[in-house]
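K.L.:
Coordinates only, no sequence provided:
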């Protein structure tokens, strides 16, 4: 069986017992067979797997045979899921993180209807709504381990288009090719935001990056399109699965600078509030930080100019050979409080 999460890539996974690790890996294999995309960070995959297990009251490998589903009247609310995974899977998730269960951990599973809502017509914030495994998939779970299980899955689900395929089809509608400074290539989905990210990588970094290497870039259809987890961990960067990620992260070894770059099309620039958030998140980082807000053109820049924080940089893609410095006392580089 494929190893979906490597212990050296995830601290929380590594700290779990061997039995729980095996259960999580098996669960991801099952979800993969159900057509759920499993291309994500190790922590996101781990969280999805344990949330799924909670929805079926599955505590170990043998419990797949006795999985509980919506027809059995079993359903857990988001806070109940947190309590379940904390108790049975060595987690320490805050009870206040209940909204992450719905928005992140169960998102793909509910869209694919592998997990169902106990009251699907209720409001999003309805505290009585629970989550449970779809009886169609629960039936397959009870058969897991039989010699022809994958064939049974394919036959049972042949009329259901896998979520993986649906998402892949959407991403293939239009593409933008991007060349990394290292010479590698990425493929973005089409759109103004991704056009700007392409310009940042191909035009900004060669001019102002001091041989910077891209360590992270997201896509509108894939938040973790390119990610150098180990290299960021070496710099003691904050957890890459955090919601506060900028659009592009690059590192110049020559300068020991990390560039945190926001590509502004519809969302905001690095404002004073955003700067405080990023400074807090990167306070243990071993590299100096350069904060950059990028715009496609001056018109968009003028729209946001009043919001841009001091001690940051602005780059405009249609004038690529120039920078706007909000530092005051010097040119491009990290700002050190005197």
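P.N.:
All right, it came through fine. All of these numbers come straight from a predicted model, not from anything done at the bench. Numbers count the residues shown, from 1 in each chain.
K.L.:
What segments of the protein are strands?
P.N.:
Using DSSP state E, the strands of the chain run over 115-117, 131-133, 175-179, 185-189, 213-219, 222-227, 248-252, 257-264, 288-295, 313-316, 323-325.
K.L.:
Report the buried residues of the fourth one.
P.N.:
Along strand 185-189, the positions that meet the burial threshold by neighbour count (16 or more other CB atoms under 10 Å) are 186, 188, 189. Yep, even glycine has a C-beta here, placed from its N, CA and C like the rest.
K.L.:
Just list whatever residues bridge to the last one.
P.N.:
So that's residue 189. Beta-bridge pairing for residue 189 (DSSP bridges): residue 175.
K.L.:
I figured it hits residue 219, correct?
P.N.:
Yes. If you go by CB atoms under 8 Å, residue 189 and residue 219 touch, sitting 5.8 Å apart.
K.L.:
wait, isn't residue 245 in contact with residue 216?
P.N.:
Yes. In terms of CB under 8 Å, residue 245 counts as a neighbour of residue 216; the distance is 7.0 Å.
K.L.:
Which of the two has more residues huddled nearby?
P.N.:
Per other CB atoms under 10 Å, whichever of residue 245 and residue 216 has more neighbours is residue 216, with 23 against 20.
K.L.:
Excluding sequence neighbours, find me the nearest residue to that one.
P.N.:
Nearest in space to residue 216, with sequence neighbours left out and distances taken as CB to CB, 6 or more residues apart in numbering, is residue 249 at 4.0 Å.
K.L.:
What is the neighbour count of that neighbour?
P.N.:
24.
K.L.:
quick thing: my sequence starts at 51, can you match it?
P.N.:
Taking 51 as the first residue, the last one we looked at is residue 299.
K.L.:
And it, what's its pLDDT?
P.N.:
Looking at residue 299, its pLDDT reads 94.
K.L.:
follow-up on the earlier one: ranking the strands of the chain by mean pLDDT, which is last?
P.N.:
Among the strands of the chain, strand 225-229 carries the lowest mean pLDDT (a mean of 62).
K.L.:
measure residue 374 to residue 137 for me?
P.N.:
Look at residue 374 and residue 137: by CB to CB, to the nearest Å, they are 53 Å apart.
K.L.:
Which stretch among the strands of the chain approaches residue 354 most closely?
P.N.:
Across these, residue 354 has its closest neighbour in strand 307-314 (6.2 Å, CB to CB).
K.L.:
Would you indicate which residues of stretch 340-360 are buried?
P.N.:
Under the neighbour-count criterion of 16+ other CB under 10 Å, stretch 340-360 has 340, 341, 342, 343, 344, 345, 346, 350, 351, 354, 358, 359 buried.
K.L.:
I should have written stretch 135-146 there, sorry.
P.N.:
Going by 16+ other CB under 10 Å, stretch 135-146 has these buried residues: 135, 136, 138, 139, 141, 143.
K.L.:
so the second one touches residue 144, yeah?
P.N.:
Looking back up the chat, that one is residue 136. No. The pair residue 136 / residue 144 is not scored as a contact, 9.5 Å apart, by CB under 8 Å.
K.L.:
Looking at the chain, which helix is longest?
P.N.:
Ranked by residue count, the top helix of the chain under DSSP state H comes out as helix 68-83.
K.L.:
That one packs against which elements?
P.N.:
helix 92-105 (3 or more CB pairs under 8 Å, 6 or more residues apart in numbering; DSSP states H and E).
K.L.:
by how many degrees do the helix it packs on and strand 272-277 diverge?
P.N.:
140 degrees (axes from the mean of the first three to the mean of the last three CA atoms, to 10 degrees).
K.L.:
Need the residues that contact helix 92-105.
P.N.:
Helix 92-105 is contacted by residues 54-56, 59-60, 62-63, 73-74, 77-78, 81, 86, 88, 90, 109, 125-126, 130-131, 134-135, 138-139, 141, 150-151, 154-156, 158-159, 164-165, 181-183, 289, 291 when judged by CB atoms under 8 Å, 6 or more residues apart in numbering.
K.L.:
Outline the domain layout of the chain.
P.N.:
Using automatic domain parsing, the domain parsing of the chain gives 57-214, 223-375.
K.L.:
Pick out the shakiest of the ones you listed, pLDDT-wise.
P.N.:
domain 223-375 (a mean of 87).
K.L.:
Residue 294: neighbouring residues, count only.
P.N.:
Counted with other CB under 10 Å, residue 294 comes out at 11.
K.L.:
The residue nearest to residue 351 when sequence neighbours are not counted pairs with what?
P.N.:
Sequence neighbours aside, residue 345 is the residue nearest to residue 351 in space, at 4.4 Å (criterion: CB to CB, 6+ apart). For residue 345, the beta-bridge partners are residue 314, residue 366 (DSSP bridges).
K.L.:
Contacts only, for residue 345.
P.N.:
246, 314, 351, 354, 364, 365, 366, 367.
K.L.:
6 Å instead?
P.N.:
Applying CB atoms under 6 Å, 6 or more residues apart in numbering, we find residue 345 in contact with 314, 351, 366.
K.L.:
No further queries at this time; thank you.
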